[in-house]
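[1] take this sequence and fold it.
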Amino acid sequence: MLDNLGRYEEALMSCDKAIELGYKSSNVFFNRAIAILGLNRWDEGIAALDDAFQRLEPDDEVYAEDVELIIRNLFVNAIYPTTQTRITSIITVYEKHKYLSILGQGIVRNIPALMSEMVSDKAAHTWLELWQELTSNCKQFQIPIRLLNAAVRYKETKGDRRVLLELPIEERNLLEPLVSGKIE
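    Predicted coordinates for the structure are as follows:
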């Protein structure tokens with residue numbers, strides 16, 4: 001919850017206290033990793049994320065909401081050229097633990113942040129190019145990158161619906177609420 005509010009220092013203290021008290025759920029470790037990454041302590045955060053994955057039990061779930069927070073923080077705090085290295089490290093950890101599809105969902109779930117008027121077309125396009133370049137060899141990213149590409153083009157064309165009409169109906173139905181701000 002504190003991670004969602006951007007209160008990363010408090011979230012980290014809360015997670016550390018829970019661990020100290022013996023609470024060993026993988027959720028605590030994922031929240032801890034998100035908090036560390038939110039504090040831009042990147043190497044430590046990636047190590048904590050890897051540790052969280054290693055603590056997963058067979059019936060535990062990996063949530064797209066977690067990676068959504070990680071990607072949103074990365075986007076908001078994008079400092080080129082370190083962003084490319086950071087995206088690569090995220091991809092590496094998710095690939096290592098065979099959760100690239102969840103990472104793809106996180107990319108798609110961050111499209112509304114990209115659509116903000118505060119985000120320039122150039123920044124959105126650069127974000128797209130980074131993800132395209134770094135995921136070009138992974139079939140798990142074909143649909144997320146196609147949706148991201150359509151979102152960026154939609155933004156650049158100031159909401160030209162023809163961009164959305166180029167997508168298959170299923171993809172269009174996923175993307176339309178994300179780019180229009182009408183998430184149900």
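
[2] from the contact counts, what lies against the strand or helix carrying Arg32?
    With secondary structure defined by DSSP states H and E, Arg32 is part of helix 26-38. Where contact means 3 or more C-beta pairs under 8 Å, 6 or more residues apart in numbering; DSSP states H and E, helix 26-38 is packed against helix 8-20, helix 42-54, helix 64-76. The C-beta positions use only the backbone N, C-alpha and C, and glycine is treated the same way.

[3] looking at the ones you listed, which is buried most?
    Mean neighbour count (mean count of other C-beta atoms under 10 Å) peaks for helix 64-76 among the helices and strands packed on helix 26-38, with a mean of 21.

[4] may I have it as PDB, with CA atoms only?
    C-alpha atoms of helix 64-76 as PDB (Å, rounded to 0.1, in the frame of the first residue of the first chain):
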ATOM      1  CA  ALA A  64       1.300  -7.500 -12.600                       C
ATOM      2  CA  GLU A  65       0.600  -4.700 -10.200                       C
ATOM      3  CA  ASP A  66       4.100  -5.200  -8.700                       C
ATOM      4  CA  VAL A  67       5.900  -4.900 -12.000                       C
ATOM      5  CA  GLU A  68       3.600  -2.000 -12.900                       C
ATOM      6  CA  LEU A  69       4.900  -0.100  -9.900                       C
ATOM      7  CA  ILE A  70       8.500  -0.900 -10.800                       C
ATOM      8  CA  ILE A  71       8.100   0.200 -14.400                       C
ATOM      9  CA  ARG A  72       6.200   3.300 -13.500                       C
ATOM     10  CA  ASN A  73       8.900   4.400 -11.100                       C
ATOM     11  CA  LEU A  74      11.500   3.700 -13.800                       C
ATOM     12  CA  PHE A  75       9.600   5.700 -16.300                       C
ATOM     13  CA  VAL A  76       9.000   8.700 -14.000                       C
END
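
[5] for the helix or strand that comes right after that helix, the averaged confidence score.
    Using DSSP H and E, the helix or strand that follows helix 64-76 in sequence is helix 82-96. Averaged across helix 82-96, pLDDT comes to 94.
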